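# just a sequence and a predicted model for now, questions to come.
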Amino acid sequence: MGSARMRGGVSLPLAFEGFSRPFEALPLPSRLTLPLIQDEGGVLEPRVKKNETVRAGQIIAENPRPHMAALHAPAAGKVVEIVSSFRDLRGRAVPAVVIEPDGTPAQAEAPAADADPVSSAAARGLVDFDRRTPPLAGKLNDALGRGIETLIVNALDQEPFLFSRGRLLQEEGEAVRRGIKSLRALLSPGKTVLVVESRVAAVRDAAKAAAGEAAYVFPLANRYPQAAPRMIARAVLGAEIPYTAGVTVADFGGLIVDVEAAAALGREGPLTERFLTVSDGRGRRHNVRVALGTPIGEILEHVGIITPAAGGKIIAGGPMSGLAAADPGLPVTKETAGVFVQGPSEVIRPADAVCIKCGLCVEKCPMRLMPFLIAGFSEKCRFDDAERHDLFACIECGCCAYLCPVGIPLLQFIRFGKQQILARRNAA
Amino acid sequence: MNDPAFVVSAPPHIHSGYTVRRLMLASIAAMLPPLAAGFWAFGPDALRVAAIAVASAAAWDLLLQRIFGRPLSIADGSAAAYGLLFALLLPASAPWWLVCVGTLVLLLLGKHVYGGLGCNPFNGVLIAYAALMLSYPGLMQDVPPPTAEDIMTESAPLVELKDKGPEDAEAAFPLAELWVGSRKVTGAIGEISPLAVLAGGIFLIATRTIPWIIPAAFLAGLAALSGLFRLLDPETYASPLFHLLAGGAFLSAFLIAPDWPTSPVTRAGRLVYGLLAGALAFAIRAWSQWPEGAYFAVFLASLLTPLLDRLRPAVFGARFTRRRPVRHRPAGL
């Protein structure tokens, strides 16, 4: 087993106490808004009508293609509206189902016994909770077709500001254990590893208990962006996965599934909730268990973090890689990795200034790119040059912009370059 | 439903807090030990030159920003940092107008004509140094007599080396005196004590203001080439330690060569840059008419920076050949 530690990246402060905060179950809001889109999967077709009464866990939308992920009603209630054009977190206009919960307690539905594990993952709406959330069924199907040597269950949180994966190991260890068991039964990997934060004893112990005999515990210090799939693969498999279209960790005999997906697999029933860390820049942090469709603003209210004043920021995800939300009414979706709130004084302003070529971004880029160069080319619309310098190898961790002494929004320029190139290619 | 009150922008949403201002303040802090050594050796004149350099650099910067229509950025501390660095290359006897001419060249030709900090292809401090060395060689080398009573020499170590050869120079300047600084040794304000420069340099490396590899490579390049020639011909060439400790080798290695805009950004590029500058420093000292070649050597090496930046690391995964995919049929199905 290789253990090539990540090179580059940044050391962010890790607040260990975040791992000891129990998940608070959030009460259901008066309205649940469920955008009918699966990131990496496209728009879903509704399976309910307006004014229809739905059971908790009933499928409300599906993708007709195979190996996708269905969407379920998080609670029993009435479909009060089907919005045709809802602006989601990424600014896409998508249809959305709005449900008013009626308080009917959820009834255990008999699981479809005959279904094979892959179609059952699709029917249960399971996804892998990476920065993109690919349907789990697609990943499993692909892994089955190729065969895998190493199953990697990733319990490292995406950023050191999020604690939900580490906490989940402690509270839902049994579900994780069952999830790993069924993954192993399905894929029969030669080896299974459970990657965990090495610096927190409680998390390591929980990982050992959850792994049991089935998996090796692989402790890693979570230097950002260690939790990114390529960095995990490098650490565990000792292989650097190149940025070439179509090359994935599967080509190196691996499959990476995050621990929340494994836990969801290990539980019965459909995926209707997420485990999140909600925090602000002033040291308040809470772990919550929240139904999909709950407005972010209501979570903040519940945990007692004040929704910021004008000029503040609400971030879905962590502060390094999350997406800024325009509206506290935006709902939690399968994509939401956490919530981070900034007051007006904490919001950083990018500088309109020139690179001084200090080289910090080059030094710390975990993909060994020249961020200042590709960002500069993208800024000046020299897209061919940007691509020649491996623009598309960027994993968008944001270390460059975090470190830049000038305050250049390097990642924003890099993303702009990628979007422009893809848009031109699609137009051609 | 969109509430325009919230800020929406691309990630990352936090910053390290590591700013240009902090880089410049760290540089200024690192220059205080060599300045203090200069004060100890030359008295208040050293502080006079430093004060004039900093004040005039700031004034020129403000004026030039106005003239070129740029936003005023005096608060980033760059004018002060570069002004102070320039002062360290001057003799304590430099007249006030010479300092002011130098800082004008520094900010005009080393910064503003190219578009401001970061756009300059050459280190402004070295442009100013070269301009004054060519225009006022007498004043630039008119080293004041040391303040101590026990004057043994009025010459700088490298001038002594050029004029009298290694044996006399090494006898006149024991290494310990060169290392710590001595009132008998003369030279530019910042050249007096390599030890003081090293203290500042270690501070810069520890605070990640500069990469360690440039100063290390510079000193290694200088030591390697001077060592080689010392071995070949000890009569003609001074020892590597003499070369390291005399003149501006440490000053160049720790404070001038790592200048951000004009030094390479990649590890390999920085290594070659440092080695090259160090080797050139020896070459100029040994075989040109100039006694001190370290500053010109850095200047020459920085001309190659755009080329050296092409020594970039292999992108993640680029070196890896794909392992043959596993195609066994899982037993679980």
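Yep, that arrived. Residues are numbered from 1 along each chain as shown, chains lettered A, B, ... in the order given.

# with adjacent residues omitted, what lies nearest to residue A:28?
Distances taken as C-beta to C-beta, 6 or more residues apart in numbering or on different chains place residue A:101 nearest to residue A:28, at 4.7 Å, with adjacent residues excluded. Every residue, glycine included, has its C-beta placed from N, CA and C.

# mind listing what that neighbour touches?
A:28-30, A:32, A:75-77 (C-beta atoms under 8 Å, 6 or more residues apart in numbering or on different chains).

# mind putting these into CSV with pLDDT?
Shown next, in CSV, are the contacts of residue A:101 (pLDDT from 0 to 100):
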residue, pLDDT
A:28, 94
A:29, 94
A:30, 94
A:32, 96
A:75, 94
A:76, 94
A:77, 95
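
# among those residues, which ones are buried?
A:28-29, A:32, A:75-77 (16 or more other C-beta atoms under 10 Å in any protein chain shown).

# now do the residue nearest to residue A:223 when sequence neighbours are not counted against chain B, distance only.
Distances taken as C-beta to C-beta, 6+ apart place residue A:9 nearest to residue A:223, at 5.1 Å, with adjacent residues excluded. For residue A:9, the distance to chain B equals 12 Å [C-beta to the nearest C-beta, to the nearest Å].

# and residue A:9, what does it touch?
Contacts of residue A:9 (C-beta under 8 Å, 6+ apart): A:223-226, A:231, A:364, A:366, A:397, A:399.

# mind redoing it with 6 Å?
The neighbourhood of residue A:9, defined by C-beta atoms under 6 Å, 6 or more residues apart in numbering or on different chains, consists of A:223-225, A:366, A:399.

# quick check: ChimeraX command selecting the buried ones in those.
Selection of buried members from these for ChimeraX, criterion 16+ other C-beta under 10 Å:
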select /A:223,224,225,366,399
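
# make CSV out of the contacts of residue A:9 and add pLDDT.
Output for these, formatted as CSV (pLDDT from 0 to 100):
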residue, pLDDT
A:223, 90
A:224, 92
A:225, 93
A:366, 95
A:399, 97
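
# in strands only, show me the contacts of residue A:9.
Taking DSSP state E, every one of these sits outside strands.

# pick the one among the contacts of residue A:9 closest to residue B:310.
Checking those against residue B:310 with C-beta to C-beta, the nearest one is residue A:366 at 21.3 Å.

# state the distance from the closest one to residue A:321.
Shown here: residue A:366 relative to residue A:321, a distance of 13 Å by C-beta to C-beta, to the nearest Å.

# what of residue A:8?
According to C-beta to C-beta, residue A:8 stands 16 Å off from residue A:321.

# more crowded one of these two?
residue A:321 (25 against 20; other C-beta atoms under 10 Å in any protein chain shown).

# am I right that residue B:116 sits in a helix?
No - counting by DSSP: H, G, I helix; E, B strand; the rest coil, one finds residue B:116 to be coil, located in no helix.

# now it: phi and psi?
The phi/psi pair for residue B:116 (degrees, to the nearest 10) reads phi 110, psi 180.

# other SSEs contacting the helix or strand residue A:290 falls within?
Element membership for residue A:290, per DSSP states H and E: strand A:285-291. Contact analysis of strand A:285-291 by 3 or more C-beta pairs under 6 Å, 6 or more residues apart in numbering or on different chains; DSSP states H and E lists strand A:23-25, strand A:273-280 as its packing neighbours.

# ok, the spatially most central residue of chain B to residue A:409 distance?
The centre of chain B sits closest to residue B:256, judged by C-alpha atoms, centre = their mean, with a distance of 0.8 Å. According to C-beta to C-beta, residue B:256 stands 31 Å off from residue A:409.

# run a quick neighbour tally on residue A:283.
9.

# follow-up on the earlier one: which one of the contacts of residue A:9 is nearest chain B?
The closest of the contacts of residue A:9 to chain B turns out to be residue A:366 (C-beta to the nearest C-beta; 7.1 Å).

# does residue B:292 count as helix, strand or coil?
coil.

# ramachandran angles for the residue nearest to it when sequence neighbours are not counted?
Leaving out its chain neighbours, the residue that sits closest to residue B:292 by C-beta to C-beta, 6+ apart is residue B:247, at 4.6 Å. The phi/psi pair for residue B:247 (degrees, to the nearest 10) reads phi 70, psi -140.

# contact partners for residue B:247?
Residue B:247 touches B:158, B:191, B:292, counting by C-beta under 6 Å, 6+ apart.

# what are the buried residues along the helix or strand where the first one lies?
When you say that, I think you mean residue B:158. Element membership for residue B:158, per DSSP H and E: helix B:157-164. By neighbour count with 16+ other C-beta under 10 Å, helix B:157-164 contains the buried residues B:157-162.

# what average pLDDT does the helix or strand that it is followed by get?
Next along the chain after helix B:157-164, taking DSSP H and E as the criterion, comes helix B:166-172. Per-residue pLDDT values over helix B:166-172 give a mean of 86.

# how many other residues sit next to the nearest residue to residue B:120 once chain neighbours are set aside?
Leaving aside its sequence neighbours, residue B:120 sits nearest to residue B:114 (C-beta to C-beta, 6+ apart; 4.5 Å). By other C-beta under 10 Å, 17 other residues sit near residue B:114.

# try residue B:232
9.

# kindly report the same for residue B:262.
Residues near residue B:262, counting by other C-beta under 10 Å: 24.

# relative to chain A, how far out is it?
Where chain A is concerned, residue B:262 sits at a distance of 8 Å (C-beta to the nearest C-beta).

# specify the local secondary structure of the residue located most distally from the centre of chain A.
What lies farthest from the middle of chain A is residue A:356; by C-alpha atoms, centre = their mean that is 34.1 Å. Following three-state DSSP, residue A:356 is assigned to coil.

# ok, it touching residue B:263?
No - contact criterion C-beta atoms under 6 Å: residue A:356 and residue B:263 do not qualify, at 10.9 Å.

# which ones are touching residue A:407?
Counting by C-beta under 6 Å, 6+ apart, residue A:407 touches A:350-351.

# so where's chain A shaky on pLDDT?
For chain A, applying pLDDT under 70 flags the ranges A:1-5, A:108-114.

# what's the domain layout of it?
A:16-21+A:126-266, A:360-427 (automatic domain parsing).

# make JSON lines from the contacts of residue B:247 and add pLDDT to it.
Below are the contacts of residue B:247 laid out as JSON lines (pLDDT from 0 to 100):
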{"residue": "B:158", "pLDDT": "87"}
{"residue": "B:191", "pLDDT": "92"}
{"residue": "B:292", "pLDDT": "89"}
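
# can you redo the domains of chain A as TSV with distance to residue B:96?
Shown next, in TSV, are the domains of chain A (distance: least, C-beta to C-beta, whole Å):
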stretch	distance to residue B:96
domain A:16-21+A:126-266	51
domain A:360-427	33
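
# what is the neighbour count of the closest residue to chain B within the stretch 151-300 of chain A?
Proximity of the stretch 151-300 of chain A to chain B (C-beta to the nearest C-beta) peaks at residue A:242, 3.2 Å away. Using other C-beta under 10 Å, residue A:242 has 17 neighbouring residues.

# how about the contacts made by it?
By C-beta under 6 Å, 6+ apart, the neighbours of residue A:242 are residue B:317.

# residues in contact with the residue of the stretch 51-200 of chain B at minimum distance from chain A?
At 3.9 Å from chain A, residue B:118 is the closest residue in the stretch 51-200 of chain B, using C-beta to the nearest C-beta. Contact partners of residue B:118, counting by C-beta under 6 Å, 6+ apart, are A:354-356, B:261.

# fine by me, thanks again.
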